[in-house]
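Chemist: starting from these lines, generate the structure:
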Amino acid sequence: MKEWCIKVDKNSAGKIIKKLRSVNLILDECIIDHDEQFVYIPVKKDTGNCIKHDFKLKNTPENIIRSNLGLRVNNTPKFIKLGDSIIFNKNQRVNKRIAEVYCNAYHAKNAYIFTGKIKGKMRIPSIKFLCGKNEDTIIVENGVKYALNPAKVMFSPGNINIRTEMGKIDFKDKTVIDMFCGIGYFSMPVLKYGNPKRLIACDINPDSIEYFKRNLKLNRIIYEPEIFLGDSRAKCPDVSADYIIMGNFESPKFLAQALIHSHKGTLLSMHFLERREKIKRPEEIIKNARRLGYIISVKNIKIVKSVSHELVHVNSLFQVYNCL
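Modeler: Below is the predicted model:
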């Protein structure tokens, strides 16, 4: 492929390559070429002393896409990779042929495209199948396996740090409630590494519950948690928990139910959306808890990821100090 290059003698090539890299001018898609006398260094633009040279492309996924579709890397569709599935961002021009090229380049079996937001209480993805077999994919994070079909249930790669942290907590002799368990996003690392005395998992989506059960087997978890299909406000058994996981953006609406299952010392791990400029929600949650007769305080708060220009995903850990 013809690209701009700087032609230099072999003796000075090393220094010049180092200098060009320092100013980010080398075209990394191409393989630096040479003959008996000269080295041909591919560059991103004509610096005034450049010539055209025919370069071989590096055998990277980006170059496979470029050579098959004739697209510059900067103009290719954006996507995320979940296991052996590719999901393109919404509002992009992606057809079956483009999807197949991407699957070949990234060794993926299935390709989808987001068509809208997560829908309803069951958190069903708005997604369109493009190519492949539309079969389950398996994601592996820190030794934990998650099986899912991206067209049926959601999975957020951006939550990986929180899922990792859940696997580092010692839950020995603790009772844990996961009020929105999904496929086991947070429960699986708790069960695999945390050794809880008891774990209660609830979700309103039957597909999520089925994948939760499958993931127990996939991770060879011997302990059998108590699994309930339905709204956790109605389905959670009458039990006092040491740790309550609330991994849903609507978690503040479930505060009363969580507090009913708490005691002095209970930790509430709540996820919610907040405006970027000022995180006020924890103060509101503390006030609402007091109205319900509970004194809670913030032990930890962190921004998980950006959701939009205005909103961020926040995870706040509260502790119950007293019941009035």
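
Chemist: assign the closest residue to Leu57 other than its chain neighbours to helix, strand or coil.
Modeler: Spatial nearest neighbour of Leu57, excluding adjacent residues (C-beta to C-beta, 6 or more residues apart in numbering): Asn63 at 4.1 Å. Glycine gets a C-beta too; all of them are placed from N, C-alpha and C. At Asn63, secondary structure determined by DSSP: H, G, I helix; E, B strand; the rest coil is helix.

Chemist: what's the distance between Asn104 and Met1?
Modeler: Distance, Asn104 to Met1, using C-beta to C-beta, to the nearest Å: 19 Å.

Chemist: now do Lys90
Modeler: Here Lys90 is placed at a distance of 32 Å from Met1 (C-beta to C-beta).

Chemist: ditto for Lys168
Modeler: According to C-beta to C-beta, Lys168 and Met1 sit 48 Å apart.

Chemist: of those two, who's got more company?
Modeler: Using other C-beta atoms under 10 Å as the criterion, Lys168 and Met1 rank with Met1 on top: 13 against 10.

Chemist: can you pull the contacts of that one?
Modeler: The contact partners of Met1, taken as C-beta atoms under 8 Å, 6 or more residues apart in numbering, are 30, 54-57.

Chemist: kindly report the same for Met270.
Modeler: Met270 is in contact with 246, 251-252, 255, 285, 315-318, counting by C-beta under 8 Å, 6+ apart.

Chemist: quickly find the element holding it.
Modeler: Met270 is located in strand 267-275, with elements delineated by DSSP states H and E.

Chemist: list the buried residues for stretch 127-142?
Modeler: Neighbour-count burial for stretch 127-142, counted by 16 or more other C-beta atoms under 10 Å, picks out 127-128, 130-132, 134, 136-137, 139, 141.

Chemist: now do stretch 294-309
Modeler: Under 16+ other C-beta under 10 Å, the buried positions of stretch 294-309 are 294, 296, 304.

Chemist: sorry, back to before: would you convert the contacts of Met1 into CSV that also reports pLDDT, secondary structure and distance to Lys119?
Modeler: Shown next, in CSV, are those (pLDDT from 0 to 100; DSSP: H, G, I helix; E, B strand; the rest coil; distance: C-beta to C-beta, whole Å):
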residue, pLDDT, secondary structure, distance to Lys119
Cys30, 88, strand, 44
Asp54, 92, strand, 50
Phe55, 91, coil, 47
Lys56, 86, coil, 46
Leu57, 81, strand, 41
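
Chemist: mind putting the contacts of Met270 in a markdown table, distance to Tyr223 included?
Modeler: Listed next are these as a markdown table, based on distance: C-beta to C-beta, whole Å:
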| residue | distance to Tyr223 |
| --- | --- |
| Met246 | 22 |
| Ser251 | 25 |
| Pro252 | 30 |
| Leu255 | 28 |
| Ile285 | 31 |
| Asn315 | 25 |
| Ser316 | 28 |
| Leu317 | 24 |
| Phe318 | 27 |
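
Chemist: which of those residues sits closest to Arg21?
Modeler: Nearest to Arg21 among the contacts of Met270 is Asn315, at 38.6 Å by C-beta to C-beta.

Chemist: thinking again about what came up before, how distant is the strand holding Met270 from the center of its chain?
Modeler: How far strand 267-275 lies from its chain's middle: 17 Å, per C-alpha atoms, centre = their mean, to the nearest Å.

Chemist: ok, stretch 116-123 next?
Modeler: Mean-position distance between stretch 116-123 and its chain equals 17 Å (C-alpha atoms, centre = their mean).

Chemist: give me the residues contacting it.
Modeler: In contact with stretch 116-123 (C-beta under 8 Å, 6+ apart) are residues 90, 124-126, 153-154, 182, 204-205, 208, 248.

Chemist: hey, C-alpha coordinates of that stretch in CSV?
Modeler: What follows is stretch 116-123, C-alpha atoms only, in CSV (Å, rounded to 0.1, in the frame of the first residue of the first chain):
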residue,chain,number,x,y,z
GLY,A,116,-31.3,1.8,21.8
LYS,A,117,-31.3,1.8,25.6
ILE,A,118,-31.7,-1.0,28.1
LYS,A,119,-35.5,-1.6,28.3
GLY,A,120,-37.8,-1.9,31.3
LYS,A,121,-37.5,-3.4,34.7
MET,A,122,-36.1,-6.6,33.3
ARG,A,123,-33.1,-4.7,31.8
